[in-house]
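Novice: heads up, no residue letters with this:
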């Protein structure tokens, strides 16, 4: 009842947008955190949008890569814009955007802060100007959980694992960017529990990253040295940039990204280190890369292989204990690949190949579900991908195979049925033995393997103030999975209604239902049965701009898990949040008050949180408790008007605390905390010039 009152009558607290993100992106990030059980660390898209907000993209000279990198437009919308510009010439006014087929008002509103329309296009940027006049940014972030967890106490038992370093979390990043034509930077990161200038981290930070990236060097479209990402086709063999799966944006089913991109995020696993180049001649484009780096992996002893075998890759980036440090950089990974594509006027076709070689052979554990898992010291994947636009229909897809001829197919279509209706569909058929390393396609599984499925989505805009989005996804798994000891199937449905009566109010209601098979063991049986476990979720969220200074946001959410089953449970989460910007002061702030109550871990619920710029916070909640946080951003120094390169200084502060009811300890293992509170403090400084 308390949260119902809060939702209907929001608290007027300090608030307006500090770094408020689009509602659709929030849902996409929440879904990603739930699927991976971890917060995303790739903030490249946030960096790109922040740059375009200061230096808008000239849409009259933007190509497919630049438009795709925004993560706002669908493949059909990009093709429609390019065809419109080719037919009618450069745009003169932003009002022309409404005339582009398949472009709706909501999409245009999302896009406008990051683009501009100019016709004074400089076709050849002088090389000597690229090293000066660019934007320089230095970001420094400090974080710490105030309560001391069990892992920081040295145990009395010799050989037991504990955290060797301090509770401090440190992040440092310097970047230089000249109109996206020349970029370089250095990044350093230390996680809580890792040592600093001692032990295994005698060089200070646990993780260092460097990148140098240049574009439009004659026939060289892009050149990368240091750390970079590679993304091919629809992600069946390789995809290392941020990519979303099922969500309310039913047209966002196509993977879109430049093939070669610089990498300067905190994640320590999903990138390459070496050199990459993209060259273009007429309608032909080719990308070639080579990489070698050390990655962390679990190494098991083997009677045949002297150096042992790899049982799993470690992707968390944590090196806090003696055991984690023993696995640190224990595996050499050599990678190389090639992409060749032909770019037609309304179509493209590409050939992709990638090869991985490892310094130790991979041998997964002997459970039956690992029978077709990656084995050996090398892997090669090849694929062909395509896209084709005919009138208001956009086709795309990819067909892939590994070196043992296991196959994977993914094909989709986007259709603009009417000015008020869009349709999407995707089919995937991925064999149980198909293997890849850094793939990320539009699948139910985390990786494209052992899956057949059919997805269909529909977006309707019957009125200017209403939008209805819905999808249905049916999938099956031909072979066993973790915690599923037989071939299985499942289904997933979503229905979301958005009501936007004006620029100041946005309300959406969402119903989501999914059902998947998992093992279920009872006391009377020695073997597990496979049960279809349903989970249903109902959400109501609103965002109201009261004036230029104050915005209020509220959510109420209910969850039902396995209704009618022996382990049935329910969950509730509700919050109210306020964003405030004083009219004449240099600071902005936001505050959230939240209550949650679930029957257990199975009913855990995720909620995206506003955080400091370029930092993600998407925790999950179960049991019963309260949470609150506030962010404060102070523009200590604002750039002046006389000089374009005047410096700016932004200082951000975050405090977040969760209070659990009726608990004497929270967490488990080395992360166990005595008491019922979990408190986190962050301080961030951003210097720009």
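Specialist: Received the coordinates, thanks. All values derive from a computational prediction rather than experimental measurement. Numbers count the residues shown, from 1 in each chain.
Novice: going forward, measure contacts between C-alpha atoms and count neighbours the same way
Specialist: OK.
Novice: report the central residue of the protein.
Specialist: Nearest to the mean C-alpha position of the chain, by CA atoms, centre = their mean, lies residue 242 at 4.5 Å.
Novice: so which strand or helix has it?
Specialist: Under DSSP states H and E, no helix or strand contains residue 242.
Novice: now do the same for it: its pLDDT.
Specialist: For residue 242, the pLDDT comes out at 88.
Novice: roughly how far does it sit from residue 369?
Specialist: For residue 242, the distance to residue 369 equals 28 Å [CA to CA, to the nearest Å].
Novice: got the contact list for the host helix or strand of residue 46?
Specialist: Assessed by DSSP H and E, residue 46 sits inside helix 44-54. The contact list for helix 44-54, computed with CA atoms under 8 Å, 6 or more residues apart in numbering, reads 69, 70, 71, 113, 114, 115, 242, 263, 264, 265, 614.
Novice: shaky segments in the stretch 451-600 of the chain?
Specialist: 522-527 (pLDDT under 70).
Novice: which residues of it fall in strands?
Specialist: Along the stretch 451-600 of the chain, counting by DSSP state E, counting those that start in this stretch, strands occupy 451-463, 466-477, 488-502, 505-520, 529-545, 550-561, 569-580, 587-598.
Novice: for the stretch 1-150 of the chain, same thing?
Specialist: With strands called from DSSP E, counting those that start in this stretch, the stretch 1-150 of the chain shows them at 57-58, 115-116, 135-145.
Novice: what's the most buried one of these?
Specialist: Comparing those by mean neighbour count (mean count of other CA atoms under 10 Å), strand 57-58 ranks first with a mean of 20.
Novice: packing partners of that strand?
Specialist: Applying 3 or more CA pairs under 8 Å, 6 or more residues apart in numbering; DSSP states H and E, one finds that strand 57-58 makes contact with strand 115-116.
Novice: quick one: strands adjacent to the strand it packs on?
Specialist: Partners of strand 115-116 in the sheet, by DSSP bridges, are strand 57-58 (parallel).
Novice: identify all contacting residues around the partner strand.
Specialist: Contacts for strand 57-58 (CA under 8 Å, 6+ apart): 114, 115, 116, 117, 118.
Novice: want to throw the residues you listed into a markdown table with pLDDT and distance to residue 164?
Specialist: Output for these, formatted as a markdown table (pLDDT from 0 to 100; distance: CA to CA, whole Å):
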| residue | pLDDT | distance to residue 164 |
| --- | --- | --- |
| 114 | 92 | 44 |
| 115 | 93 | 48 |
| 116 | 92 | 51 |
| 117 | 90 | 54 |
| 118 | 85 | 55 |
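Novice: and those residues as a markdown table, adding distance to residue 235?
Specialist: Shown next, in a markdown table, are the contacts of strand 57-58 (distance: CA to CA, whole Å):
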| residue | distance to residue 235 |
| --- | --- |
| 114 | 27 |
| 115 | 28 |
| 116 | 31 |
| 117 | 32 |
| 118 | 34 |
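Novice: ok, the residues you listed vs residue 147, which is closest?
Specialist: Checking the contacts of strand 57-58 against residue 147 by CA to CA gives residue 114 as the nearest, at 40.9 Å.
Novice: residues contacting the closest one?
Specialist: Neighbouring residues of residue 114 by CA under 8 Å, 6+ apart: 49, 52, 53, 55, 56, 57.
Novice: likewise for residue 619?
Specialist: Counting by CA under 8 Å, 6+ apart, residue 619 touches 39, 606, 607, 608.
Novice: before we move on, what about residue 672?
Specialist: 149, 150, 151, 665, 666.
Novice: distance of it from residue 167?
Specialist: Distance from residue 672 to residue 167, by CA to CA: 14 Å.
Novice: the bottom helix or strand of this protein by mean pLDDT?
Specialist: Ranking every helix and strand in the chain by mean pLDDT, DSSP states H and E puts helix 2-8 at the bottom, with a mean of 40.
Novice: one step back: mind checking which of the contacts of residue 619 are in strands?
Specialist: Under the assignment DSSP state E, those contribute residue 606 to strands.
Novice: can I get the contacts of residue 619 in CSV including neighbour count?
Specialist: As requested, these are arranged in CSV below (neighbours: other CA atoms under 10 Å):
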residue, neighbour count
39, 19
606, 19
607, 22
608, 21
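Novice: helices of this structure, start to end?
Specialist: Secondary structure of the chain (DSSP state H): helices at 2-8, 23-36, 44-54, 64-69, 75-88, 105-111, 127-130, 322-327.
Novice: residue 540: which of the ones you listed is closest?
Specialist: Smallest distance to residue 540 across the helices of the chain (CA to CA): 9.6 Å, for helix 2-8.
Novice: so how far is residue 158 from the closest residue to residue 502 other than its chain neighbours?
Specialist: Setting aside the residues directly before and after it, residue 502 is nearest to residue 465 in space (CA to CA, 6 or more residues apart in numbering), at 7.5 Å. Taking CA to CA as the measure, residue 465 and residue 158 are separated by 66 Å.
Novice: so for these two, which sits in the more crowded spot?
Specialist: Each of residue 465 and residue 158 has its neighbours counted (other CA atoms under 10 Å); residue 465 has more, 12 against 7.
Novice: residue contacts, that one?
Specialist: Counting by CA under 8 Å, 6+ apart, residue 465 has contacts 498, 499, 500, 501, 502.
Novice: that's all I had, so thanks and see you.
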